[in-house]
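> My questions are about this predicted structure, shown below with the sequence.
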There are 2 protein chains.
Amino acid sequence: MAKKRLAPFYMRNVKLTVEYDGTNYSGWQIQNRHSAESIQEAIEKALRKILQEKIKVVSSGRTDAGVHAWGQVANFKTKSKLACRDIQRGLNSILPEDIRIKQAEEVSLDFHARFSAQSKLYRYTIVNDSFVSPFTLRTSGLVKHPLDVKKMREVKRYLLGRRNFRSFQAKDKKERHSVRTIKRLDIRRNKKLIYIDIEADGFLYRMARNIVGTLIEIGRGRLKPQDIKGILRAENRSYAGPCAPAKGLCLVQVRYKTKDKRG
Amino acid sequence: MAKKRLAPFYMRNVKLTVEYDGTNYSGWQIQNRHSAESIQEAIEKALRKILQEKIKVVSSGRTDAGVHAWGQVANFKTKSKLACRDIQRGLNSILPEDIRIKQAEEVSLDFHARFSAQSKLYRYTIVNDSFVSPFTLRTSGLVKHPLDVKKMREVKRYLLGRRNFRSFQAKDKKERHSVRTIKRLDIRRNKKLIYIDIEADGFLYRMARNIVGTLIEIGRGRLKPQDIKGILRAENRSYAGPCAPAKGLCLVQVRYKTKDKRG
């Protein structure tokens, strides 16, 4: 039986809420030696400077290269007694400007950014026009074909709830357990912009982008809303639509039980 | 007496509405050989490719390096019979993604993007917080000191109307005539963001950014609203506040008489 390693009593657990523009990064986690820096590396490097300690930062989940976050959550353990406010200030003064620490707070030692998470909310932004504004370029995916948002919304009845999402999981990464619960699926149009909000207790690799790609196929009329039933049943990636571009996706919020939040 | 050069009858005058993220450009107009490309150069180069003709593009006014536009207006004369819709499409397919042609339309030969303009509306975006979100980084100026928006608004009574704005004109560029009319000055706060809208019949060099810099001094309490009276009276740049950073400024709209618009 593996022995559970207990953190020494003087350890502190610090929770970070992180906002980043993922354009220039290889994603949250280190990919390989040749890729661009990852968000995690940038934060760990900055923490090492501030705390004079080698720090391992755990996030609520990886985000792919080019995916953004308004409210990614991460945590790390430290022996340092530096006030959270100073950790936040220190990080923001060292980190590149496209990564910002919105909050740093002490939480109980059992808080784990990934395992304590109850749900994650992703937003995908589609520009449904003939061109993309230079100001939404980095944070949206362009679809030139007119999209029927009403049709896209009909999908809710098939996707909401506890289901096996294997068909929406990237082929190259197979988690044994592919059942997840989608708690919310909102599709709103504001002139030329379409926002797709997906909240689930967890996301399989590329699940959010594969769902969006499939929704676009439905909005364009190349798939029917009810086709989702067959796609889910197939449990096969090749039945669903293409993967939507990373730059339109943003991790908006990670939700935790109140007790974990207070620590 | 100078002879007025008339355009040949087969000439067309095309009005462009242009949106750009100015971050990577040296401004609207060519600065010098060593600076980054200008928006004007990029558009002229693209037009030359599409129309197989050397084209000179005139704008409503220069924007500085780093200043953005939602609705810059420009025009050019051409012998080409290419439909405006195709000019727009062609330009958008050749131009870098941070410059977009929102509209191309034929106007009367006497339309001139600068001389026909009745007013221009600029917006300055201030982030009044301890840090800037990665998503507003390129299009805002950061002010960490709390700003008193009410105090800033009191300035309206001194700045609105026809006045000599020499004190708000950059030292290095003196236009003989420095009287302009500010038609609108709106200052709104939305949580951590402050928007300053300035509409005038014309702007002196750096006038918008110098007014914003002075408004910030007032919001911070380092100047009083009524100090504006003395600053205007001085007709001397050194009396006004510092020049606000370019990246917060955006040319929102250029207004023309209806007849010019229809052509």
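Nice, thanks for sending it over.

> Roughly how far does A:Asn190 sit from A:Asn128?
Distance check for A:Asn190 against A:Asn128: by CB to CB, to the nearest Å, it reads 10 Å. Every C-beta, even on glycine, is put in place using the N, C-alpha and C of the backbone.

> Kindly report the same for A:Trp70.
When CB to CB is applied, the distance between A:Trp70 and A:Asn128 equals 22 Å.

> about what we covered before: and A:Asn190 and A:Asn128? Which one has more around it.
A:Asn128 (20 against 7; other CB atoms under 10 Å in any protein chain shown).

> Contacts only, for the more buried one.
If a contact means CB atoms under 8 Å, 6 or more residues apart in numbering or on different chains, then A:Asn128 has A:Val143, A:Lys144, A:Pro146, A:Leu147, A:Arg189, A:Lys192, A:Leu193, A:Ile194 as its contacts.

> Generate a ChimeraX selection restricted to the buried subset of these.
Selecting just the buried residues from these in ChimeraX takes one command, with 16 or more other CB atoms under 10 Å in any protein chain shown as the test:
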select /A:143,147,194
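
> want to throw the contacts of A:Asn128 into CSV with secondary structure, pLDDT and distance to B:Gln103?
As requested, the contacts of A:Asn128 are exported to CSV (DSSP: H, G, I helix; E, B strand; the rest coil; pLDDT from 0 to 100; distance: CB to CB, whole Å):
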residue, secondary structure, pLDDT, distance to B:Gln103
A:Val143, coil, 97, 21
A:Lys144, coil, 96, 17
A:Pro146, coil, 97, 19
A:Leu147, coil, 98, 23
A:Arg189, strand, 97, 22
A:Lys192, coil, 96, 14
A:Leu193, strand, 98, 19
A:Ile194, strand, 98, 22
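
> Give me the below-cutoff pLDDT ranges for the stretch 151-263 of chain A.
In the predicted model of the stretch 151-263 of chain A, residues A:172-175, A:259-263 satisfy pLDDT under 70.

> For chain B, what's the nearest residue on it?
For the stretch 151-263 of chain A and chain B, the shortest gap (CB to the nearest CB) falls at A:Cys250, measuring 9.0 Å.

> Checking that residue next. Helix, strand or coil?
Applying DSSP: H, G, I helix; E, B strand; the rest coil to A:Cys250 yields a three-state assignment of strand.

> Which parts of the stretch 51-200 of chain A are helices?
Listed in chain order, the helices of the stretch 51-200 of chain A (DSSP state H, counting those that start in this stretch) span residues A:84-94, A:149-153, A:156-159.

> what comes up buried for the first one?
Which is helix A:84-94. A:Cys84, A:Ile87, A:Gln88, A:Arg89, A:Gly90, A:Leu91, A:Asn92, A:Ile94.

> and the third one, how far is that from A:Leu51?
So the one you mean is A:Gln88. For A:Gln88, the distance to A:Leu51 - CB to CB - is 13 Å.

> what do you get for the first one?
Relative to A:Leu51, A:Cys84 is positioned 12 Å away (criterion: CB to CB).

> Indicate the residue of the stretch 51-200 of chain A located nearest to chain B.
Nearest to chain B in the stretch 51-200 of chain A, going by CB to the nearest CB, is A:Pro134, at a distance of 3.9 Å.

> residues touching that residue, list them.
Residues in contact with A:Pro134 (CB under 8 Å, 6+ apart) are B:Glu19, B:Tyr20, B:Asp21, B:His68, B:Glu97, B:Asp98, B:Ile99, B:Arg100.

> With A:Ile231 instead?
A:Ser167, A:Phe168, A:Thr214, A:Tyr239, A:Ala240.

> Include neighbour count and distance to chain B when you put the residues you listed into a markdown table, please.
As requested, the contacts of A:Ile231 are exported to a markdown table (neighbours: other CB atoms under 10 Å in any protein chain shown; distance: CB to the nearest CB, whole Å):
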| residue | neighbour count | distance to chain B |
| --- | --- | --- |
| A:Ser167 | 24 | 32 |
| A:Phe168 | 31 | 27 |
| A:Thr214 | 26 | 26 |
| A:Tyr239 | 18 | 33 |
| A:Ala240 | 24 | 29 |
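
> you'd agree A:Asn236 is up against A:Ser167?
Yes. The pair A:Asn236 / A:Ser167 is scored as a contact, 5.7 Å apart, by CB atoms under 8 Å.

> hang on, A:Thr136 packs against A:Asp129?
No. In terms of CB under 8 Å, A:Thr136 does not count as a neighbour of A:Asp129; the distance is 10.0 Å.

> what about the closest residue to A:Arg184 other than its chain neighbours, how many residues close to it?
Using CB to CB, 6 or more residues apart in numbering or on different chains and skipping residues adjacent in sequence, the residue nearest A:Arg184 is A:Glu199, 3.9 Å away. The number of residues packed around A:Glu199, counting by other CB under 10 Å, is 19.

> residues touching A:Glu199, list them.
Under the criterion of CB under 8 Å, 6+ apart, the contact partners of A:Glu199 comprise A:Ser119, A:Lys120, A:Leu121, A:Tyr122, A:Ile182, A:Lys183, A:Arg184, A:Leu185.

> Who does A:Val127 form a beta bridge with?
Under DSSP bridges, the beta-bridge partners of A:Val127 are A:Leu142, A:Leu193.

> okay, now it: neighbour count?
20.

> Over to A:Tyr195?
Applying other CB under 10 Å, we find 16 residues neighbouring A:Tyr195.

> which bits of chain A sit near chain B?
If contacts are counted using CB under 8 Å from any CB of the partner chain, the residues of chain A sitting beside chain B are A:19-21, A:68, A:70, A:89, A:92, A:97-100, A:130-135, A:137, A:139.

> List only buried entries from the residues you listed.
The neighbour count (16+ other CB under 10 Å) marks A:19-21, A:68, A:70, A:89, A:92, A:98-100, A:131-135, A:137, A:139 as buried among the residues of chain A next to chain B.

> just checking, A:Glu235 touches A:Gln169?
No. Distance between A:Glu235 and A:Gln169: 9.3 Å, which falls outside the contact criterion (CB under 8 Å).
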